[in-house]
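Participant: Next come a sequence and a model predicted from it.
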Amino acid sequence: MPWKNHSVVGERWRLVKALFRNEKSVSQWCRLFGVSRKTAYKWRARFTKSGRGGLRDRKRRPRQMPRQLKAVAVARIRRARQKHPYWGPKKIQIWFRRQGWRAPALRTVGRWLGRLKLARKPRRRSRKGGVRLHPALTLGQRPNQVWTVDFKGWFCTRNGQRCEPLTVRDLFSRYGLAARLLPDPRWTRVRAVFARLFQERGLPEIIRVDNGGPFASTGPAGLSRLSVWWRRLGIGAEFTRPGHPEDNGAHEQFHRVLKRETLRPVARTRQGQQHRITVWLRRYNEERPHEALGQQTPRSWYRVSRRKYPRRLAELTYAESWFVRRVRSNGEIKWRGRQRFIGEAFVGQRIGLEFKRRAVVSVYFGKTLIGRLHAGDAGGMRPIKYWHRRRTVKNRKV
């Protein structure tokens, strides 16, 4: 015996036909079909109005949705995402408010990004403990207190030109001060970039760098010719710990955004890539909201430094009882009839010599102890090794 197939619409049709035959009362037919009288009257009225098609289930969507997002708002969400492909719901919501429009809820923006097929699949990241700033590093509490500087990894344009991206950023306001593509990381090119930047933005109090060139060296006090120039300008050079990029984590995040939004794909020439980065940096500073700043732009937090770039550096002065020597072009000075090597980073600089013992002389660059000269040594100066990790000074064997 075959199975009997019953459809919902078919059962409703049988009920309606039975009601129109008037062989039994409505209550009796309802008991036979197992439905309420309200249900029976409802299906009979729908059949009378729309025929058999009225026995089908209707859509549950309401006819009117007062809070439904209007088409113009959906078009604005699409336009914002197309203009800024890497902006999420939070930044798009802030963009609505800046334009003076009524901003949708975050979930609404996210839902419409998914419907418009503009949402990106979030990248899964391993859960790690929070990164803590090393206590030896300065926490930026005002603009121009700490500038962070670094070279992003080099790359080549499509025509084979090498690019070394030098980036400078204000730690407190997250303001991108400079992003220049250099053909090589020589200190003379870096100094030219900073000279122009100091003229436009003034001088910071501290510049934070890693232990690589041209910012640092393996010489006395870890100083290079570039960091010596910073010291002459009254700027402190702050070094991160070797092998700890998280000490400059905010700057590394800046590099990640720069790479994602400007280097995919790379431009054909260095000039074209520089133009792309310059336009991106302006948008980063003036348009892109930053979550660490309460969804405000870095431009609204940054102010130009009041410390002006001097046209001429003042000479270093030392105590009257000290001997003063100027380092020659080969990094040496003449002391007691012999050539004594000090360091190439101090070429052209005045250094102070203070007698500590009869045969030992302490060598200072400004207020920084950089080494000691021993009368019995045939070579150069014994440099002082600074442990940037603990901000303490440790002498080599004397």
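Facilitator: Nice, I can see it.

Participant: And the helices in the stretch 251-398 of the chain?
Facilitator: For the stretch 251-398 of the chain, the helices defined by DSSP state H, counting those that start in this stretch cover 270-286.

Participant: Show me the shaky parts of it.
Facilitator: 385-398 (pLDDT under 70).

Participant: quick one, strands of it?
Facilitator: 323-326, 332-335, 338-341, 350-357, 360-365, 368-374, 382-383, 385-387, 392-394 (DSSP state E, counting those that start in this stretch).

Participant: Looks like Ala40 contacts Leu19 (just checking).
Facilitator: Yes. Using Cβ atoms under 8 Å, Ala40 is in contact with Leu19, at 6.4 Å. Any C-beta I mention is one placed from the backbone N, CA and C, and that applies to glycine too.

Participant: what sits in contact with each of the two?
Facilitator: 26, 29 (Cβ atoms under 8 Å, 6 or more residues apart in numbering).

Participant: returning to that earlier point: can the strands of the stretch 251-398 of the chain go into CSV with extra columns for distance to Arg60 and mean neighbour count?
Facilitator: Formatted as CSV, the strands of the stretch 251-398 of the chain follow (distance: least, Cβ to Cβ, whole Å; neighbours: other Cβ atoms under 10 Å):
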stretch, distance to Arg60, mean neighbour count
strand 323-326, 89, 15
strand 332-335, 90, 17
strand 338-341, 87, 15
strand 350-357, 85, 16
strand 360-365, 80, 20
strand 368-374, 77, 20
strand 382-383, 81, 20
strand 385-387, 71, 15
strand 392-394, 73, 10
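
Participant: of all those strands, which lies closest to Val304?
Facilitator: Closest approach to Val304 among the strands of the stretch 251-398 of the chain (Cβ to Cβ): strand 368-374, 28.6 Å.

Participant: In contact with Arg336, which residues?
Facilitator: Counted by Cβ under 8 Å, 6+ apart, Arg336 has contacts Ala375.

Participant: How far does stretch 337-348 stretch from one end to the other?
Facilitator: 20 Å (Cα to Cα, to the nearest Å).

Participant: so where do the strands sit in the stretch 101-250 of the chain?
Facilitator: According to DSSP E, counting those that start in this stretch, the strands that the stretch 101-250 of the chain contains are 146-151, 155-156, 162-170, 176-182, 206-209, 236-239.

Participant: got the strands of the stretch 251-398 of the chain as CSV, with distance to Gly249 columns?
Facilitator: As requested, these are exported to CSV (distance: least, Cβ to Cβ, whole Å):
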stretch, distance to Gly249
strand 323-326, 41
strand 332-335, 41
strand 338-341, 38
strand 350-357, 36
strand 360-365, 31
strand 368-374, 28
strand 382-383, 31
strand 385-387, 21
strand 392-394, 24
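
Participant: closest to Thr148 out of those?
Facilitator: The nearest among those, by Cβ to Cβ, is strand 385-387 at 20.0 Å.

Participant: Tell me where the stretch 101-250 of the chain has helices.
Facilitator: Going by DSSP H, counting those that start in this stretch, the stretch 101-250 of the chain shows helices at 106-115, 187-201, 225-232, 249-262.

Participant: Taking strand 162-170 as reference, get the angle to the second one.
Facilitator: Using axes from the mean of the first three to the mean of the last three Cα atoms, to 10 degrees, one finds that helix 187-201 and strand 162-170 are set 40 degrees apart in direction.

Participant: Okay then, goodbye and thanks.
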